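S.K.: Fold the stuff below for me.
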Amino acid sequence: MPTAVGMVSMTEQECRELLGVSKVGRVGFRHPSGLQVLLVRYVLDGNTVVFRTTPDGAFAALAGGADDVVFEVDYHSAVGGTGWSVMMNGRVEPAAADGSIGSGPGSSWLVPWPGGDGSMVLRFLPQSIKGRRVRRCTD
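M.R.: Have a look, this model is predicted:
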């Protein structure tokens with residue numbers, strides 16, 4: 001039976017630092033067609049997560065201001081037997097598409113992978129943030 005010895009909770013600051021080094025996460029939300037969990041390229045802008053989408057994409061349902069949204073980022077190394085996961089609960093709202101977001105380092109990550117115009121800019125505002133590091137236990 002596995003033990004929890006290899007699992008450690010992270011501080012909020014550690015979680016934010018890891019969010020800053022990653023560029024791909026998952027957004028989970030309620031959609032008219034059911035629950036969705038979709039990959040997204042993002043940038044960290046202060047304490048919020050910013051991503052672009054097309055006005056007719058699945059994320060467009062969030063543009064009216066959506067509560068009860070989850071944002072998750074993780075990493076694992078099969079060779080090293082380590083990993084981490086950060087999960088935030090919060091809400092999404094439209095962000096200004098005036099060029100003030102995503103013009104600095106890492107801004108190319110705001111281009112949606114599937115293409116499209118990416119003219120809809122959304123901001124995830126976390127209300128809670130939790131994370132944990134894990135390492136493979138050897139018994």
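S.K.: Strand partners (parallel or antiparallel) of the top strand by length along the chain?
M.R.: Ranked by number of residues, the top strand in the chain under DSSP state E is strand 120-135. Within its sheet, and counting by DSSP bridges, strand 120-135 is paired with strand 7-9 (antiparallel), strand 48-53 (antiparallel), strand 82-94 (antiparallel).
S.K.: Pick the most deeply packed of the ones you listed.
M.R.: Each of the strands paired with strand 120-135 was scored by mean neighbour count; the highest is strand 48-53, a mean of 23, by mean count of other CB atoms under 10 Å. In short, each C-beta sits where N, CA and C put it, glycine included.
S.K.: now that one, how far from the centre of its chain.
M.R.: 9 Å (CA atoms, centre = their mean, to the nearest Å).
S.K.: Averaged pLDDT, it. What do you get?
M.R.: Averaging pLDDT along strand 48-53 gives 89.
S.K.: Tell me which residues are up against the helix or strand just after that strand.
M.R.: Of the helices and strands lying after strand 48-53 in sequence (DSSP states H and E), the nearest is strand 66-77. Around strand 66-77, the neighbours that count as contacts under CB atoms under 8 Å, 6 or more residues apart in numbering are 18-19, 22, 24-30, 49, 62, 82-93, 124, 126.
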